[in-house]
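K.L.:
Quick check, what structure comes out for this input:
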Amino acid sequence: MTSVRAGVFLLPYCFFAVLCGVPLFLMETAIGQYTQEGAITCWTKLCPLAQGSGYSTIVIQLYSRFYIIILAWALLYFFYCFRDPLPWATCNNPWNTDRCVELTSTNWTAIHGGNLTVNWTSGNLSESSASEFWHRGILSMSGGIEEVGSVKWELLLCLLACWVACYFCIWKGVRFTGKVVYFTAVFPYVMLAILLVRGLTLPGAWQGVVYYLYPDPSRLADFQVWMEACAQVLFSYGVASGTLITLGSYNKFNNNCFKDSLWLCVLNSATSFISGFVVFSALGFMAQKQGIPIDKVVDSGPGLAFIVFPQAVAMMPLPQLWAACFFLMLILLGLDTLFAGLETITSSVIDMFPGQMRRPWRREIFLFVFCSISFIIQISLTTQGGVYVFQLIDYYGANGICVVFVSAVQCVAVGWAFGADRMCDAVQLMTGQRPWGYFTLCWRYFTPLLCMVCFFGFFLNHQPLTTSGGYMYPDWAYGVGWAIALSSVVAVPIWAVVKICLTEGTLTQRLSVLCRPVVDPVDPVDPESIKRGTEMKTMPALSPDVL
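P.N.:
This next block holds a predicted model:
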């Protein structure tokens, strides 16, 4: 949990949403819909020199596949939800120690008289039953990343089940996946509404809401607050990950991507804002029960979902029901993200090798091989030291440094090489509606400038990765982390240098060719005849009256 309150966080969040999030969202969706290509090959039609940014997004997606372990954790919790009492609500389990303290509403007063203040921060004598269940029952954490330990077989089976579910939900393509998403996308909103109502009725909930909304203007001078806001916007909007380009490429050519992008951005931000009430109402409830400040309830990271919320639902009537619904919601949300990421990777490979990959069963075979290799690699995450590996990849693999850099490169490629006005013409050709001049200014100036400021800001404000218990990684682990972070960044300059070397002519001529948009001379092109993945994909030429 971040210590930044929404009251002060809202201003930088809106700042970056307006100047970075929305313009990037529209730009990437329009790129996919206009070119009818995936995250890599789309750049051959816009700015070939920037194709390295497509490879960068795929690298980011490969690291993001490690987030499936969160689904495995949630699935394991889901199975435990059918026990009575819930295993994280008591201290009568094999993994519990003498430090364990129960916090269930039924025994809080009986055991502690309602007056004992327990400090749950790491290193103190007492630890909640939910915290021990997470650290000792689910993870069985070792002493560090150097101590791999044994495999948690129940967690391994859950990981396998998650990969099997992902495979069979997307193996037949985006049309079948779209039918699955009708359920996986709607159900979390139903659960969010239920948890919001229940959370706001908990004792101490309004204390958490006040903490969530009450502004602290002094924090606006903290550069880190602005960095967190930028990262939050880019991650929540899903930009610079190739997903928007890929999903946009499956739209009909005349789909109104302009209107869709604006509404989806509003829906995304509204959902994030409302979710804050669910989170902080639960934190306020837990803070009152434990007698500690809200910002001491739990550290950032998985502890929020796997310690605070399980403990909160354990104190509700019918705890098994609410716990099962909560973890089912987490699983479905995670599956949605994995669907999009796997589709991004698969579509990119198909577009790069259309002659081989568009034959019968080639897609299914590729997905099976990819999922199998990913599962084998991720077995390390199910060991006792696996959580340290996950945190290392999470911190460096798809962090703000990678995302803002790719965003800046894509904006420069579209705003200056392809041309911001030409992109507005393309949106007008597809939708009949021309984007406002504000988007032109963002694509050319505001968005790339802000992204580069944040890029260097992440370096200047970088803090070494540590766990909530104060564990410091060994030096070699930090080296691996930086190698992971830079592996997605270096794809851009490496590709640019290689393309320049392989292109004929003087340096000026090479740059002119590589920065020039490739427009098919076919004119006119019937937009309705362009079908993603079924016919030869062409980018329609812009008519002279819009050039």
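
K.L.:
center of this structure, which residue is that?
P.N.:
Averaging the C-alpha coordinates of the chain gives a centre point, and the residue nearest to it by C-alpha atoms, centre = their mean is F235 (5.3 Å).

K.L.:
any idea of the pLDDT on it?
P.N.:
With respect to pLDDT, F235 has a value of 91.

K.L.:
and if you look at L26?
P.N.:
Residue-level pLDDT assigned to L26 equals 97.

K.L.:
ok, and the closest non-adjacent residue to the residue nearest to the centre of the chain?
P.N.:
Spatially, and ignoring its direct neighbours in sequence, F235 is nearest to V403 (6.9 Å; C-beta to C-beta, 6 or more residues apart in numbering). (Each C-beta comes from the backbone N, C-alpha and C, glycine too.)

K.L.:
Next, the buried residues of the host helix or strand of the one you found.
P.N.:
V403 is located in helix 400-412, with elements delineated by DSSP states H and E. For helix 400-412, the neighbour count (16 or more other C-beta atoms under 10 Å) marks 400-412 as buried.

K.L.:
how close does the residue nearest to C515 when sequence neighbours are not counted sit to A485?
P.N.:
Distance criterion C-beta to C-beta, 6+ apart; nearest residue to C515, sequence neighbours excluded, is A417 at 4.2 Å. Here the distance between A417 and A485 works out to 26 Å (C-beta to C-beta, to the nearest Å).

K.L.:
Among these two, which residue is more densely surrounded?
P.N.:
In terms of neighbours (other C-beta atoms under 10 Å), A485 is the more surrounded of A417 and A485; the figures are 22 against 19.

K.L.:
So the more buried one is in contact with Y396, correct?
P.N.:
Yes: between A485 and Y396 there is a contact at 4.3 Å, judged by C-beta atoms under 8 Å.

K.L.:
quick one: low-confidence parts of the stretch 251-400 of the chain?
P.N.:
Scanning the stretch 251-400 of the chain with the threshold set as pLDDT under 70 gives 290, 297-303.

K.L.:
Around Y211, count how many other residues there are.
P.N.:
Under the criterion other C-beta under 10 Å, the count of neighbours that Y211 has is 20.

K.L.:
and what of the one 10 residues further on?
P.N.:
Other residues within reach of A221, judged by other C-beta under 10 Å, total 8.

K.L.:
Need the pLDDT of it.
P.N.:
As predicted, A221 sits at a pLDDT of 83.

K.L.:
same thing with the one 5 residues further on?
P.N.:
Reported pLDDT at W226 in the predicted model: 89.

K.L.:
how near is it to V8?
P.N.:
Taken as C-beta to C-beta, the spacing of W226 relative to V8 amounts to 11 Å.

K.L.:
about what we covered before: next, format the buried residues of helix 400-412 as a markdown table and append distance to L328.
P.N.:
As requested, those are arranged in a markdown table below (distance: C-beta to C-beta, whole Å):
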| residue | distance to L328 |
| --- | --- |
| G400 | 30 |
| I401 | 34 |
| C402 | 31 |
| V403 | 29 |
| V404 | 34 |
| F405 | 36 |
| V406 | 33 |
| S407 | 33 |
| A408 | 38 |
| V409 | 39 |
| Q410 | 36 |
| C411 | 38 |
| V412 | 43 |
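
K.L.:
closest to G32 among these?
P.N.:
Of all those, Q410 has the smallest distance to G32: 12.1 Å, by C-beta to C-beta.

K.L.:
returning to that earlier point: got a list of what the residue nearest to F235 touches?
P.N.:
Contact partners of V403, counting by C-beta atoms under 8 Å, 6 or more residues apart in numbering, are I60, A231, L234, F235, V239, A240, S241.

K.L.:
Just give me the closest of those residues to Q428.
P.N.:
Distance from Q428 was checked for each of the contacts of V403 by C-beta to C-beta. The minimum falls on V239, at 22.0 Å.

K.L.:
and T431, how far is that from A323?
P.N.:
T431 sits 45 Å away from A323, going by C-beta to C-beta.

K.L.:
quick one, which of those two is more surrounded?
P.N.:
For T431 and A323, the more surrounded residue by other C-beta under 10 Å is A323, and the numbers stand at 25 against 19.

K.L.:
what sits against that one?
P.N.:
For A323, the residues meeting the contact criterion (C-beta under 8 Å, 6+ apart) are Y77, C81, L86, P310, V313, A314.

K.L.:
Would you convert the residues you listed into JSON lines that also reports neighbour count, secondary structure and distance to N461?
P.N.:
Output for the contacts of A323, formatted as JSON lines (neighbours: other C-beta atoms under 10 Å; DSSP: H, G, I helix; E, B strand; the rest coil; distance: C-beta to C-beta, whole Å):
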{"residue": "Y77", "neighbour count": "27", "secondary structure": "helix", "distance to N461": "34"}
{"residue": "C81", "neighbour count": "22", "secondary structure": "coil", "distance to N461": "40"}
{"residue": "L86", "neighbour count": "22", "secondary structure": "coil", "distance to N461": "40"}
{"residue": "P310", "neighbour count": "27", "secondary structure": "helix", "distance to N461": "33"}
{"residue": "V313", "neighbour count": "26", "secondary structure": "helix", "distance to N461": "36"}
{"residue": "A314", "neighbour count": "24", "secondary structure": "helix", "distance to N461": "38"}
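
K.L.:
Switch these over to TSV, and while doing so, append distance to Y34 to every line.
P.N.:
Supplementary listing: the contacts of A323 in TSV, determined by distance: C-beta to C-beta, whole Å:
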residue	distance to Y34
Y77	43
C81	46
L86	51
P310	46
V313	46
A314	51
